[in-house]
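Asker: model the following, please.
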Amino acid sequence: MPLINLYGNSVLKKELYIKSFLNQNTEYIRLYSDDRDKIEIISGKARNISLFSKKTVIDLVDFDKWKSAEKKNLLSLSIPENVTVFVRTEKQLSEKNENIKSEKSENIKSKKFTVPEPWKKSEWISYIEELLTREKIEYESNVPEYLFEVIGANELAIYNEIKKLKVLDEKINIDLAKKFVHKYAVSKLDEFCFLISEKSDFAYSVLDDILKDFEPKIIMFVLSKHFIELFNIMLNVEYKEKYIWPEIKSISKKLGISLSKVSRFLGFKFSGQDFQPKNHLKIYGVTTLKDIIKKLYVMERSLKSGGIFKVELIEFIKYIREE
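Answerer: Numbering: from 1, shown residues only. This next block holds a predicted model:
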């Protein structure tokens, strides 16, 4: 069996694909970049195969983190038919970037696994429907959208909640979903946006991690959406010092903004929450938000024309803190 390169940004789809190859007659070996003897294990399995040996599946979980010499050694191995080696990467392996000899590259099969972009809600809902169906769960039509709203674009968290719902062994409706599904905090990128809009010093502290984990165009999209949603709330919600939960739910439904974000924007504190969110309607005014959205538009144009995004993002955080 040739090497199979599973590439793309979907961890879950790769995991499920590999599991489809496993059964009681299969030996499964999972290897990580920090396993010192990984090459020896793989070459040993490739050599010590007999007619009566079990089929072997070797899963290289984080191949992108391997050293160049280790990658080259692996890709030069001859793999017998009853050994399958899955190579997980973000980008597709190629002769150019991995120094693969042309005769070896022909033996590498590739399969792409991706998740939708975070802002493509309808595609995420379709993906959630696929996962519910895969687990043979009956559900009412509005459940997938609810799961996306309270969990966000996080496939592993979504799948974990779906596995919990499966245990109930009954048709899932909104009431059951609300009762048993954990309401996730906003995503890492959303949290960064709130650090900015709440004028927190920590926005600078997490900046490098955000730039490492997300492409500039995604950061720009989520940041712009953050302040546009806040502007929408500003225009449609009467200012109060405090809001109660039924009001939060009503505003979320009316404006189509997730419960977790509406509650954070309006300073609603959940029981057990270890910090007090700031009521953004107390911090900002309509004119200020219009100016912020205009500034974000200028930043987006600069990004498209080759501006240095980190510098502009730092300047934007500084601008917000001074408003």
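
Asker: domain assignment for this protein?
Answerer: Using automatic domain parsing, the domain parsing of the chain gives 3-112, 121-180, 188-322.

Asker: among those domains, where is the model least confident on average?
Answerer: In terms of mean pLDDT, the lowest-scoring of the domains of the chain is domain 3-112 (a mean of 83).

Asker: show me what contacts the closest residue to I251 other than its chain neighbours?
Answerer: In space, and not counting its chain neighbours, I251 is closest to V262: 5.3 Å by C-beta to C-beta, 6 or more residues apart in numbering. To be clear about C-beta, it is placed using only N, CA and C from the backbone, and glycine gets the same treatment. V262 makes contacts with 233, 248, 251-252, 255, 268, as judged by C-beta atoms under 8 Å, 6 or more residues apart in numbering.

Asker: just the buried members of those residues?
Answerer: 233, 248, 251-252, 255, 268 (16 or more other C-beta atoms under 10 Å).

Asker: redo those as JSON lines? Include secondary structure and distance to K65.
Answerer: Below are the buried ones among the contacts of V262 laid out as JSON lines (DSSP: H, G, I helix; E, B strand; the rest coil; distance: C-beta to C-beta, whole Å):
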{"residue": "I233", "secondary structure": "helix", "distance to K65": "42"}
{"residue": "I248", "secondary structure": "helix", "distance to K65": "42"}
{"residue": "I251", "secondary structure": "helix", "distance to K65": "44"}
{"residue": "S252", "secondary structure": "helix", "distance to K65": "40"}
{"residue": "L255", "secondary structure": "helix", "distance to K65": "42"}
{"residue": "F268", "secondary structure": "coil", "distance to K65": "41"}
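
Asker: export those residues to CSV and tack on distance to L289?
Answerer: Listed next are the buried ones among the contacts of V262 as CSV, based on distance: C-beta to C-beta, whole Å:
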residue, distance to L289
I233, 10
I248, 20
I251, 17
S252, 19
L255, 15
F268, 20
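
Asker: and the furthest pair within those?
Answerer: L255 and F268 (14.8 Å; C-beta to C-beta).

Asker: coming back round to it: let me know the closest of the buried ones among the contacts of V262 to I137.
Answerer: S252 (25.0 Å).

Asker: quick check: the gap between that closest one and P80.
Answerer: Separation of S252 from P80 (C-beta to C-beta, to the nearest Å) stands at 57 Å.

Asker: go on, V167?
Answerer: 41 Å.

Asker: the more surrounded of these two?
Answerer: P80 (13 against 8; other C-beta atoms under 10 Å).

Asker: test my guess that the more buried one contacts S43.
Answerer: No. Here P80 lies out of contact with S43, judged by C-beta atoms under 8 Å, at a distance of 11.3 Å.

Asker: you'd agree E117 is in a helix?
Answerer: No. Counting by DSSP: H, G, I helix; E, B strand; the rest coil, E117 is not part of a helix but coil.

Asker: angles on the backbone of it, please.
Answerer: phi -60, psi 150 (degrees, to the nearest 10).

Asker: distance of it from F214?
Answerer: On the measure of C-beta to C-beta, E117 and F214 end up 11 Å apart.

Asker: go on, I162?
Answerer: 25 Å.

Asker: looking at the two, which one has more neighbours?
Answerer: I162 (22 against 17).

Asker: would you map the helices across the stretch 151-300 of the chain?
Answerer: 155-167, 174-180, 188-197, 202-205, 207-213, 216-236, 245-255, 259-265, 280-283, 286-304 (DSSP state H, counting those that start in this stretch).

Asker: now those helices in JSON lines, with distance to L74?
Answerer: Listed next are the helices of the stretch 151-300 of the chain as JSON lines, based on distance: least, C-beta to C-beta, whole Å:
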{"stretch": "helix 155-167", "distance to L74": "27"}
{"stretch": "helix 174-180", "distance to L74": "43"}
{"stretch": "helix 188-197", "distance to L74": "32"}
{"stretch": "helix 202-205", "distance to L74": "38"}
{"stretch": "helix 207-213", "distance to L74": "26"}
{"stretch": "helix 216-236", "distance to L74": "32"}
{"stretch": "helix 245-255", "distance to L74": "50"}
{"stretch": "helix 259-265", "distance to L74": "43"}
{"stretch": "helix 280-283", "distance to L74": "51"}
{"stretch": "helix 286-304", "distance to L74": "38"}
